[in-house]
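predicted model and sequence follow; I will ask about them next.
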Amino acid sequence: MSSADANAISRLEVELGARSYPIYIGRGLLADSELLGKYVDAASAFVVSNETVAPLYLDQLVKTAGLDPARSVVLADGEQYKNIASMQKIFDAMIAGQCDRGTTILALGGGVVGDMAGFAAACYQRGVRFVQFPTTLLAQVDSSVGGKTGVNHPLGKNMIGAFHQPGAVFIDTNTLDTLADREYRAGIAEVIKYGFIRDREFLQWLHENMARLLARDPDALRHAIMRSCACKAAVVADDETENGVRAILNFGHTFGHAIESATAYSALLHGEAVGLGMLMALDFCKRCGLIDAHDFESSRQLIEAAGLPVLLPHTVSSGKQLLRLMQHDKKVKRGRVRLVLLKSLGEAFITGEYSDELLEELLESYVSQV
Ligand code: NAD
Ligand code: GLY
């Protein structure tokens with residue numbers, strides 16, 4: 001793709017019958033009043049954002065879509081605010097703003113804002129429309145697509161929520177210009193995930209283009225977002241409510257969520273924990289004889305090249321602690337943790353059949369490296 005194309009607008013479709021919707025990807029979409037006008041009715045829109053993103057992009061969205069700036073709520077920033085108290089704030093503001101069943105919620109922010117705005121849309125007056133404007137790489141390649149919405153409970157992440165698909169997703173890659181490097185790299189973990197689970201050719205492309213991606217080269221970035229969203233859209237179209245194949249999108253997450261929980265969500269960003277979780281899952285695949293040492297080593301190098309952590313934080317005290325936390329995974333069936341593993345690079349499957357001893361050995365080996 002030439003850099004001239006980098007300014008074009010691309011469109012993908014999430015094919016879900018009556019609930020199908022487009023994903024637009026391009027630079028400067030937040031300034032495209034003609035395109036936004038097709039999906040956003042100014043009179044009925046209500047914006048949900050946070051205290052970091054709103055000062056950067058809310059004015060622009062208000063101006064482009066001709067919105068009433070008073071019809072918005074700005075939440076505190078952080079995963080710790082992804083809770084029922086923030087939902088209450090959204091509902092309070094919507095009721096005060098006289099939102100009705102014709103309201104469209106516009107989610108302007110990263111995955112935390114998107115998940116909460118989407119959940120508010122699923123609940124408000126039993127369900128209103130919403131449109132995603134994701135502003136982190138992680139949200140652009142993962143959380144804004146597929147309709148998983150919700151909040152955390154003190155005893156578990158994303159425990160309260162609903163499947164509620166957006167009416168459209170607008171990925172303005174210009175918003176990434178203000179995103180911190182660490183957050184950007186955390187998003188790359190989810191990009192790499194698609195290569196591991198479903199797209200070996202893309203994995204090769206990532207090996208060859210990681211430096212360009214890290215440098216935020218516009219062409220490389222657009223390609224990575226397109227390929228990731230295409231992969232996510234295809235999996236969601238096959239299994240919208242995760243009765244089967246959609247679980248492969250959680251590759252590395254069972255390990256990652258346990259690490260996040262063991263460190264009280266304070267040591268690693270979600271994407272970083274997923275990167276480390278994928279490394280551990282790949283290592284487990286090697287120990288189970290599913291992938292060979294060469295494929296494991298090249299995968300480890302890719303995760304490291306993305307600038308993602310490959311060692312557990314110091315505060316993880318034991319493999320048993322991680323194992324116990326893995327039992328809280330939403331993929332547990334009849335008490336057995338099911339893991340997403342790879343048959344080969346680019347081909348994931350989910351299974352509860354593996355050796356517990358090998359899993360314990362793997363976890364202890366990572367704890368002992370700390
Ligand atoms: P986040 O929403 O907390 O954003 C990360 C940080 O970047 C925040 O401080 C945010 O305010 C800031 N930020 C956002 N956009 C910015 C911009 N353009 N410029 C500067 N700063 C910006 O975190 P995230 O990584 O986007 O999302 C993580 C959340 O997504 C988690 O809660 C996770 O559970 C959820 N998630 C959901 C799904 C899903 O399918 N629904 C998938 C993956 C992750
Ligand atoms: N991020 C996992 C999913 O959307 O299913």
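Done, it's in. Ligands and ions are numbered 1, 2, ... in the order given.

from now on I want contacts and neighbour counts done on CA atoms only, so please keep to that.
Noted.

who are the contact partners of the spatially closest residue to residue 360 that is not a sequence neighbour?
Leaving aside its sequence neighbours, residue 360 sits nearest to residue 319 (Cα to Cα, 6 or more residues apart in numbering; 6.6 Å). Residues near residue 319 by Cα atoms under 8 Å, 6 or more residues apart in numbering: 360, 363-364, 366-367.

now, which of those lie within helices?
360, 363-364, 366-367 (DSSP state H).

what subset of these is buried?
363-364, 366-367 (16 or more other Cα atoms under 10 Å).

so can I have JSON lines of those residues showing pLDDT?
What follows is those, written out as JSON lines (pLDDT from 0 to 100):
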{"residue": "363", "pLDDT": "97"}
{"residue": "364", "pLDDT": "96"}
{"residue": "366", "pLDDT": "97"}
{"residue": "367", "pLDDT": "96"}
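
ligand 2: which of those residues is nearest?
residue 363 (23.2 Å; Cα to the nearest ligand atom).

ok, the closest one touching residue 324?
No. Counting by Cα atoms under 8 Å, residue 363 sits too far from residue 324 to count as a contact (11.2 Å).

what is the neighbour count of residue 348?
By the criterion of other Cα atoms under 10 Å, residue 348 has 21 neighbours.

any idea how far residue 222 is from it?
To residue 222, residue 348 is 25 Å away according to Cα to Cα, to the nearest Å.

over to residue 211?
Where residue 222 is concerned, residue 211 sits at a distance of 14 Å (Cα to Cα).

the two - which one has more neighbours?
Per other Cα under 10 Å, whichever of residue 211 and residue 222 has more neighbours is residue 222, with 23 against 14.

skipping adjacent residues, who's closest to residue 128 in space?
Residue 128 sits nearest to residue 121 (Cα to Cα, 6+ apart), 5.0 Å away.

ok, now which ones touch that neighbour?
Residues in contact with residue 121, defined by Cα under 8 Å, 6+ apart, are 104-105, 127-130, 164.

count of neighbours near the residue of the chain found nearest ligand 2?
Here the chain gets closest to ligand 2 at one residue, residue 249, 4.9 Å apart by Cα to the nearest ligand atom. Neighbours of residue 249 under the rule other Cα under 10 Å: 21.

now do the contacts for it.
Neighbour list for residue 249: 193-194, 197, 232 [criterion: Cα under 8 Å, 6+ apart].

do a quick rundown of the strands in the stretch 1-150 of the chain.
For the stretch 1-150 of the chain, applying DSSP state E, counting those that start in this stretch gives strands covering 10-14, 21-26, 45-50, 72-75, 104-109, 129-134, 148-153.

ok, the first one: who's next to it in the sheet?
Sheet pairing of strand 10-14 (DSSP bridges) gives strand 21-26 (antiparallel).

what of the fourth one?
Sheet pairing for strand 72-75, assigned by DSSP bridges, gives strand 45-50 (parallel).
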